[in-house]
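>>> sharing a model prediction with you, sequence too.
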Amino acid sequence: MENDIHDFWQSHSCGADLVGDLSADDRNEYEQFFERYDQYRYAKEPHILKNIDAIEWQGKKVLEIGLGQGSDAEQIVRRGGVYNGIDLTDESVRRVLMRFSLKELPFERIEQASALDIPFADDTFDIVYSHGVLHHIPEIKGAQVEIARVLKPDGKLIAMLYAKWSLNYLLSIFVLRRLGLAGMYALGLRGRGIYAAHLKNARAIGIGKYLSMNNFINVSTDGPFNPYSKVYGPREVVEDFPDFEILASHKEFMHAPPLPVSFLPLSGVLGWHLWVEMAPKK
């Protein structure tokens with residue numbers, strides 16, 4: 001499964017297609033792309049910067065798991081964090097190294113590695129930060145053992161996980177999108193764009209299997225070819241992170257496509273992003 005996850009994110013670099021991906025491998029193109037991407041990311045999800053600002057980074061030794069385009073990495077460094085990062089894909093590592101080079105940002109290590117085998121010594125980090133990544137790891141119980149190992153005894157894991165008790169999961173994914181695809185399938189429609197891809201997949205494996213929640217949660221979070229995702233509530237966090245205790249949690253980001261819900265002031269109750277702060281158990 002980890003190979004499938006690697007291959008998907010290697011060819012679908014996180015969020016790049018939303019702002020027009022790189023068309024050439026030169027420094028000017030990278031610089032313009034990073035500017036577009038950061039503007040889009042923090043305009044669409046301003047709560048990310050709000051949450052980053054709430055963390056004390058100054059002088060802290062930090063490991064980020066899952067690098068994306070390096071936006072949060074840059075923010076951590078600019079707030080005084082002593083930065084290290086790993087990603088399962090060499091594509092993400094390459095992009096983030098280019099970002100750090102272009103902007104002359106300091107770091108210790110940025111390299112390709114699995115969260116199941118973190119290449120750092122025990123008790124190394126004050127903070128492990130991971131935004132939107134750990135819910136894509138099927139063997140999360142193994143990953144959390146590694147995270148606890150590399151954290152100092154008084155260190156913290158700060159993670160954003162997809163929220164089970166959210167409008168996106170409970171209504172949009174669980175009900176509306178499945179009904180919509182079932183209807184299109186029954187009518188023999190081909191669809192366009194992402195809908196065409198969903199319908200093609202459904203015809204390949206059967207509509208019943210495709211719409212089962214064991215499969216549909218994967219293909220409804222990060223595209224119709226995403227191999228794995230999981231949603232979390234408090235119970236799932238406790239079960240999947242047995243070496244940690246929860247210090248605090250809250251939800252952000254009203255997001256439930258195709259419903260236009262971003263204006264609703266309900267993110268703290270029904271938001272799609274569950275932010276969890278954890279500490280290794282003593």
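The structure has been received and is ready for your questions.

>>> check which element follows the longest helix seen in the chain along the chain.
Counting by DSSP state H, the longest helix found in the chain is helix 27-44. The element immediately downstream of helix 27-44 (helix or strand, assigned by DSSP states H and E) is helix 47-53.

>>> which is the succeeding secondary structure element to that next one?
Trace forward from helix 47-53 with DSSP H and E and the next one is strand 61-65.

>>> quick check: angle from the following helix or strand past that following strand to helix 27-44?
Under the assignment DSSP H and E, the closest C-terminal helix or strand after strand 61-65 is helix 71-78. If you take axes from the mean of the first three to the mean of the last three C-alpha atoms, to 10 degrees, helix 71-78 sits at 90 degrees to helix 27-44.

>>> for helix 71-78, the averaged confidence score.
Looking at helix 71-78 alone, the average pLDDT works out to 98.

>>> list the contacts of that helix.
Here helix 71-78 makes contact (C-beta atoms under 8 Å, 6 or more residues apart in numbering) with 34, 37-38, 41-42, 48-49, 52, 57, 62, 64, 67, 83, 85, 96, 99-100, 103, 105-107, 110, 129, 131. For the C-beta atoms, the positions are set from N, CA and C on the backbone; glycine is no exception.

>>> now, of those, which are buried?
34, 37-38, 41-42, 48, 52, 57, 62, 64, 67, 83, 85, 96, 99-100, 105, 107, 110, 129, 131 (16 or more other C-beta atoms under 10 Å).

>>> which residue ranges of this protein form helices?
Secondary structure of the chain (DSSP H): helices at 2-11, 27-44, 47-53, 71-78, 90-103, 140-150, 167, 178-186, 193-205, 207-211, 213-219, 234-240, 267-270.

>>> burial of the closest residue to residue 244 other than its chain neighbours, as a residue count?
Take residue 244 and drop its neighbours on the chain: the residue closest to it by C-beta to C-beta, 6 or more residues apart in numbering is residue 278, 3.9 Å away. For residue 278, the neighbour count with other C-beta atoms under 10 Å is 24.

>>> quick one: contacts for residue 278?
Counting by C-beta under 8 Å, 6+ apart, residue 278 makes contact with 156-159, 237, 241, 244-247.

>>> point out where this protein drops to low pLDDT.
By pLDDT under 70, the low-scoring segments of the chain are 15-16, 18, 23-24.

>>> surely residue 65 and residue 125 touch.
No - Residue 65 lies out of contact with residue 125 (C-beta atoms under 8 Å); the separation is 10.5 Å.

>>> buried stuff in the top strand by length along the chain?
What stands out as the longest strand in the chain, according to DSSP state E, is strand 151-162. Judged by neighbour count using 16+ other C-beta under 10 Å, the buried positions of strand 151-162 are 151, 155-162.
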